[in-house]
Structures are given as C-alpha cells and as structure tokens.
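Peer 1: fold the following and give me the result.
(2 chains)
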Protein chains: 2
Amino acid sequence: MITQSQLSQLCIPSAARIALLVMDGLGGLPHPDTGETELEAARTPNLDYLAKNGICGLAEPISPGLTPGSGPGHLALFGYDPLAFTIGRGILEALGIDFPLRAGDVAARGNFCTIDDEDLIVDRRAGRISTEQCARLCQQLSAIAIPGVECLVSPVEGHRFLLVMRGEGLNPELDDSDPQQLGLPAKDVSPLSREAIRTAALANEWVARAKSLLARSRPANMVLLRGFSRLPDFPSMTDLYKLHPVAVATYPMYRGLAKLVGMRVVDGPHTIAGQFAALGEYFEEHDFFFLHIKQTDSAGEDGDFIRKVRIIEEVDAAMPQLMDLRPEVIVVTGDHSTPAVLKAHSWHPVPFLLHAQFCRPDEVTRFSERTCARGALGTFPTMDLMPLALANARRLNKYGA
Amino acid sequence: MITQSQLSQLCIPSAARIALLVMDGLGGLPHPDTGETELEAARTPNLDYLAKNGICGLAEPISPGLTPGSGPGHLALFGYDPLAFTIGRGILEALGIDFPLRAGDVAARGNFCTIDDEDLIVDRRAGRISTEQCARLCQQLSAIAIPGVECLVSPVEGHRFLLVMRGEGLNPELDDSDPQQLGLPAKDVSPLSREAIRTAALANEWVARAKSLLARSRPANMVLLRGFSRLPDFPSMTDLYKLHPVAVATYPMYRGLAKLVGMRVVDGPHTIAGQFAALGEYFEEHDFFFLHIKQTDSAGEDGDFIRKVRIIEEVDAAMPQLMDLRPEVIVVTGDHSTPAVLKAHSWHPVPFLLHAQFCRPDEVTRFSERTCARGALGTFPTMDLMPLALANARRLNKYGA
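Peer 2: Reported below is the predicted structural model:
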C-alpha cells in the first residue's frame, strides 16, 4: 500500500470539496426476527440514490476480525494507519471530556478504587460510585499542591477520572500503577526511561497525597492510574493532503480526534438536522467536511434496534441538506460496526458509499451491508478512503510518468 | 496487516470453540465435458446449509498466483505467515514419515542416484527404485558409524530417504550436495557459517562412507543430500491465541505440522466418518479442532475427478457429526487447490466458509468456487482465517479505546 508520505507528494490544491459523513457504529447485523439489519430495515431513499449513482463497498477499519475502538476507527477514516498512529489512554480520556490539553501535559486515566486495611485492592472500581460522587472527590483531590507541577483532576464518569500533570520537563514514559488484579496493592508508578524518573516521583507523590486525603472516604479510598500519555504530534490533514478541513461534531471525543489531525472543529444545534445545517454555514470556507453522527452508535450500544433504524432514517431525511450543497465528493460510512444485537462495537466491516461525478458506479442500488458487499470496492481497508476521495475530487497527481 | 504479536495481545480466554475442517486440495477447476468443478458436481446439502447461513469467500494461501506446498498452505491456515515462517525440506520429509525428531537434530532429504565411473551423475533418481529397495539400502546405510554423531537413515518413498544427524553442537547451515544437474559430480556439503564447519565435515564423512557401501549397488550407487534443517521453534497456538488445539489427522505430514504449532495430535478410524467421530471424543477437552481430510488432495493428484467428487460428498455426509457438536465457529476450506484436471497443487484460491451466530451472512447459498467468489469475504488472504475465527468466537478484545 502507498505510504502517507508517498500519497502526500501527489496531493494538489484545488477548490473541489469532499464531504465525509460518519454515522458512528453504522454497520449492523440481522435482527433475529426479521433477518434484516438496521440499514436494511431503514427507509433510506437518499442514501440509496447516492449508492445507486455511486460506488460501494465494505470498509475494514483496522484488519479483518479486529473490533476498533473509536480512536483507531477514526484515524483510519482520516488516512492515519491505526496500527502505527496510537493515542494514549490518558489522552483519549482527556479528549472525551474536552479537557483543554496543552503540549507537554502528561495525562493519565484514573480509577477510584477500594483498598482494605492492608492496602490490598478489594474493588478496582470502588463499587462504581456515581459521577456526582466522583466529581466531589475530584474537587477534594484538586487541592493537592506539589511544587514544580500542576495537578489537574477532572471527573469523567462513574469511578473514572482524569489526572493531568502540567509543568516543565514532564515525561509520559511511565508504567501503570493499576495492577489490574484484586488482592494486590497499587503499584508505584515506575519510570520506563531515565527521562521519566522525575515525573514518576511526582506522580507517586500525588498518589500518596491522594491516598491520605481519601483515607476516610468509603468505598473510594484509593486511586489507580494508567495510560500515561502526551498529546501525539500527528501531521495535519492540511500538511498531508492540502485540505482545509472542518469537523461538525458534538461529542468531545470526536471533536478531540478531529483536532489531533488539524481540523477546525465547529458545532451546531445538537439535532441531526441541526448538524447538517451547520455544514452549510462553513461550506464556503472549507474543502473537507467531517460530519460526525454519534446517535447510531449509542442506539447500537443500548441494543435498541428500532432506535438505530429511526436515527438512520433521520440522517437520510437530512441528506438533501448536504446533497444540495453539491460537494464534488460525498462519502458515507462509519468508523466501525455497532450491531444492536451485540450491544457493542464489532469486527464487521462497515457499509461504504462514495458519490462523485467520475466514480464509475457499480450495480449497487441500495445502501446496506449485503448490497455493499457486492459493490465494486469489495471489502477494502478503510485507509483507502482518503486516496479514493482525493482522486475523485481530482486532487491527486498522476504517480510516475 | 496486523502482526501476529499485535493479534496475540488482543486474544482472551474463553470457552467458545472453533472447528476448522480442512479438505486438502479442495479447490478445483471445471471438467472439460460438463463445465462443472468437483465441488459444483458434488451434492453437498450440509456444506450448502453452512454456506447459506455463513459468510463465504475464496482464501488465497500465500499470494496471488502462488501454488502452495502443504507446509506453507497449512501454516497460513493456522495464522503463521508462510513467507516468514519456513520449514526446511529435511524437516518436512521427517514430519512426512512421522520420524521422532528431537531438538538439535539436523535432517536432510536424501536421494539415491546413479553415478558413472568418473563419479558424474547420470540419473538423479537412480531410475526411481522401488520403496522396498530403498528400504534395503537404508538398512545398509544405517550401519555407518561416525564418532560424535548418530546417523539415522529412513526410507521415504521410491528413491527418497531421510538422513537425521543427532549429536551435540550440530548446525544445519549447510549447502546441498545435489548439483541439481546431470553430468556433474555430487558436491561436497559446504558449511554456510563458521558454526556449521564441523557438521559439514561429519556429513561429508557420512557421504563418503555411503558411497563406498553402495559402490557395487546398481542403479543406486550414490546419495545426494539437500534441505539440511532443524526443527523450527514456532510460537504455539496456545501462546499466540490462548487456544487449546487438537488435530485429528491421519497423515504423518499433517500430524507433524500440527505438532509444530503446538497442537495435541490424535487419531481415529482411518475413514472419513471415523475421523469426524474422533472429533466428538475430544470435544470437551479442547476449544480448537483441526480436522484434516487428505483424500480430496490424493484424488486431485491422481486426476480422478469422479473420486474427488465422491469424497467431497462423503465429507458432506459426515458433516452433521460436526454440526451436532455445535462449536461456536465452523470453518470449512482447504490448504490449496488440487484440480483433478491439473493432477497437481495449483495457485487457485480456495473455497471458504465460516459459520457462526454473528458472522453476518452474505447471499451465497451454495458452497463452490464460483459462488464463494461472490461471497462477502471476497478473495482474501488465508492468514485472515484465524483473526476472523477468533472474532466470531468472541475471543478478541477491542483494538484501542
């Protein structure tokens, strides 16, 4: 496969526009009663129109059989090999709550947990305390002052929190303190390199102070840290593709991912139609549009087949707003499958359509898992999306003479 | 593509079972009279049922256009990249006769050949002597005693034999003595590394002794050696995938290959129904089942189209024995194609079906070359089999958050 830098050398500036509509967790599985998937059950005249006049396939986000997390799933869509570009757990947690990270910050995912009188962990999730209780405890921990480093503590959800260490010369090469097992004490945070020795000492000092502050708190009387990481330094989509991308996304995690690849991130009314309307507002200023619809995934995760069908239909009904803008290329797909029958992300490849004047349409006339499997693109790596979109936008030079 | 070690990190223990039925040389080509392949001519209601309710494709064992030997074909099925994991010719020969190899043994494939009065080779296969004569000559050669090394000689078939050198500090980095051409003398065995100098001397000493022992024997009056090799040290399927695999296979070569990847190897009555019955016996103890059917390949190699059709039908008739055990995942495929019209292994990709509760069935309703080509898996690398099977058994964690 072509490397990112080989592809980059072929990119040329152009006024042609590419719209990428991502329905999170789009792919589904047949409902046991009807034998139809969510997409098959949904009435989608606009998506079917695009499929009929476009080229279809099934996109494989990472590798056959692999179930993608949201980070890797989106990196593949944007053309960043998810097996090579990784995002630390701490950073993902920060992106997920829209934490204003700065370069040099070291972020860790934290769990409140329960230890016994001998400091042995008896519950790694402190009985899954409420988010409200988590927020109160985070406020207490925010009082910890350690010279030379600012320690910012933010609640996430339930027993989960975010620790961000801010200061000069911090290094994220640190091992987890979470032993991932009951009956053991929390580990010290160990440095994985010489450069991280001081940061490890600061982290351990913070944990010690947190432990005494929490001594009388039950069940959350201790903290575990993992996934120490720093903002990765990814090349921007502008540097790579000569694009000026904008993301219309409401959920923090996806806004954060878009920022990591150099997109401007905007927002609109938090309805599906509102999100599509926002596209129009920014249409003149940009040439790449990432529109992220979260609700398909949430319905899938909840196992709510009917709701996922309804949301797909709502997206379809809003499609004319996008189609009327006449971007040169429209791509519709997902970052992974979230079949309602599985209530979880899954390994199944994702329905994909690309519509453009010179896309060479295939025989697919309906947008669904089974029809896309017969599309001219076949089952193909999601990493091919960007070269295909750029080619159809006539934004790629010929390779070789 | 994902590396074996990246995949390994995602594997989780589970009770879910995977059954892999390999019909050796399964893929075929149309009969010139009927236009039907062996699979198309066969009546296979059970395989068709699995295809209809499963997901299909054509599996490419090594790379497009490449005709696999049995070793590489099976390594790909088990998820060991056959272009990276290699098995020496001598070792393959030893596996093929169930020779009890030990770690450190150096094995070579031997040919009896004919030389003239000037030691020039006039027949590299000694007129293809009978296996009985080969066995008598091997017995003679077994008398050769060289201090510091045990030299074990076993007949294989026709002019072919196996030489195993056993002792301390042997090294297999040796060039062949077979010049692969008539009119030349046998070469000395040359060391390819400093560490192999002593082993080369021992091998040459053995050849010299063999030559004098055979001086009066005609046409087999000399030996040629090639493929010096040692048992490879492959990671086991248990280490890689957290599986507890068992192989039901009657032919020594496949039993040996299964052992190389850490399978327990068992046996049953040497009929197709007997082999299937053996599965049931070991079903409780294991979670991965490799069932190897050799007869499809033998019929193909013999150019016996009708017999290959009959054997496929016999396998189909036995399928309920496997299906009634209800393993979570059933995979049916071959290690390569052996079309009867070619009487040999071929480069054609191999019909493949995977049946599991959440496999997302495609529109294929019949198990054959042409129908599988339209399956949702398309034509795909055989190396994807293990990740797909593990995913469908729900034995893989999500990649990334």
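
Peer 1: so who does the closest residue to A:Asp267 other than its chain neighbours touch?
Peer 2: Using C-beta to C-beta, 6 or more residues apart in numbering or on different chains and skipping residues adjacent in sequence, the residue nearest A:Asp267 is A:Thr250, 6.2 Å away. From N, CA and C alone the C-beta is placed, and that goes for glycine too. Shown in contact with A:Thr250 (C-beta atoms under 8 Å, 6 or more residues apart in numbering or on different chains): A:Asp267, A:Gly268, A:His270, A:Gln275, A:His292, A:Lys294.

Peer 1: tell me which of those residues fall in strands.
Peer 2: Judged by DSSP state E, the contacts of A:Thr250 include A:His292 as members of strands.

Peer 1: so which of the contacts of A:Thr250 belong to helices?
Peer 2: Those of those mapping onto helices are A:Gln275, per DSSP state H.

Peer 1: the closest residue to chain B within the stretch 1-150 of chain A: what secondary structure?
Peer 2: Minimum separation of the stretch 1-150 of chain A from chain B (C-beta to the nearest C-beta) falls at A:Gly65, amounting to 3.0 Å. At A:Gly65 the chain is in coil, as set by DSSP: H, G, I helix; E, B strand; the rest coil.

Peer 1: what is the burial count for it?
Peer 2: Neighbourhood size, A:Gly65 [other C-beta atoms under 10 Å in any protein chain shown]: 23.

Peer 1: which residue, neighbours along the chain excluded, lies closest to the residue in the stretch 101-250 of chain A that chain B sits nearest to?
Peer 2: Using C-beta to the nearest C-beta, A:Gly227 is the residue of the stretch 101-250 of chain A that sits closest to chain B, at 8.4 Å. Distances taken as C-beta to C-beta, 6+ apart put A:Arg89 closest to A:Gly227, at 2.5 Å, once the chain neighbours are dropped.

Peer 1: who's in contact with the one you found?
Peer 2: With contacts defined as C-beta under 8 Å, 6+ apart, A:Arg89 is in contact with A:Ala108, A:Arg109, A:Arg226, A:Gly227, A:Ser229, B:Ala401.

Peer 1: check it and give its pLDDT.
Peer 2: A:Arg89 is assigned a predicted lDDT (pLDDT) of 90.

Peer 1: backbone phi and psi for it, please?
Peer 2: With angles defined as degrees, to the nearest 10, A:Arg89 sits at phi -60, psi -40.

Peer 1: buried by neighbour count, from the contacts of A:Thr250: which ones?
Peer 2: Buried members of the contacts of A:Thr250, scored by 16 or more other C-beta atoms under 10 Å in any protein chain shown, are A:Gly268, A:Gln275, A:His292, A:Lys294.

Peer 1: now, among those residues, which is nearest to chain B?
Peer 2: Of all the buried ones among the contacts of A:Thr250, chain B sits closest to A:Lys294, with 15.7 Å by C-beta to the nearest C-beta.

Peer 1: what bridges to the closest residue to A:Gly183 other than its chain neighbours?
Peer 2: In space, and not counting its chain neighbours, A:Gly183 is closest to A:Leu120: 5.5 Å by C-beta to C-beta, 6+ apart. With DSSP bridges applied, A:Leu120 shows beta-bridge pairing to A:Pro185.

Peer 1: A:Glu150: neighbouring residues, count only.
Peer 2: Number of residues near A:Glu150 (other C-beta under 10 Å) recorded here: 11.

Peer 1: pretty sure A:Arg43 is touching A:Glu314, no?
Peer 2: No. Contact criterion C-beta atoms under 8 Å: A:Arg43 and A:Glu314 do not qualify, at 11.0 Å.

Peer 1: between those two, who's got more neighbours?
Peer 2: Using other C-beta under 10 Å as the criterion, A:Arg43 and A:Glu314 rank with A:Glu314 on top: 16 against 11.

Peer 1: now do the SS call for the more buried one.
Peer 2: helix.

Peer 1: one step back: would you turn the contacts of A:Arg89 into TSV with secondary structure, neighbour count and pLDDT?
Peer 2: What follows is the contacts of A:Arg89, written out as TSV (DSSP: H, G, I helix; E, B strand; the rest coil; neighbours: other C-beta atoms under 10 Å in any protein chain shown; pLDDT from 0 to 100):
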residue	secondary structure	neighbour count	pLDDT
A:Ala108	strand	30	97
A:Arg109	strand	26	94
A:Arg226	strand	20	94
A:Gly227	strand	20	93
A:Ser229	strand	23	96
B:Ala401	coil	18	79
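
Peer 1: which of those residues sits closest to B:Pro82?
Peer 2: B:Ala401 (33.2 Å; C-beta to C-beta).

Peer 1: from memory that closest one sits against A:Pro68, does it?
Peer 2: No. With contact defined as C-beta under 8 Å, B:Ala401 does not reach A:Pro68; the gap is 9.9 Å.

Peer 1: assess the claim that the residue of the stretch 101-250 of chain A closest to chain B and A:Gly110 are in contact.
Peer 2: No. Counting by C-beta under 8 Å, A:Gly227 does not reach A:Gly110; the two are 9.5 Å apart.

Peer 1: which residue sits closest to A:Phe78, ignoring its sequence neighbours?
Peer 2: Of all residues not flanking A:Phe78 in the chain, A:Val261 sits nearest, at 5.0 Å (C-beta to C-beta, 6+ apart).

Peer 1: need the contact list for that neighbour.
Peer 2: Residues in contact with A:Val261 (C-beta under 8 Å, 6+ apart) are A:Leu75, A:Phe78, A:Tyr80, A:Phe234, A:Ser236, A:Met237, A:Pro245.

Peer 1: mind doing that once more with 7 Å?
Peer 2: A:Phe78, A:Tyr80, A:Phe234, A:Ser236, A:Met237 (C-beta atoms under 7 Å, 6 or more residues apart in numbering or on different chains).
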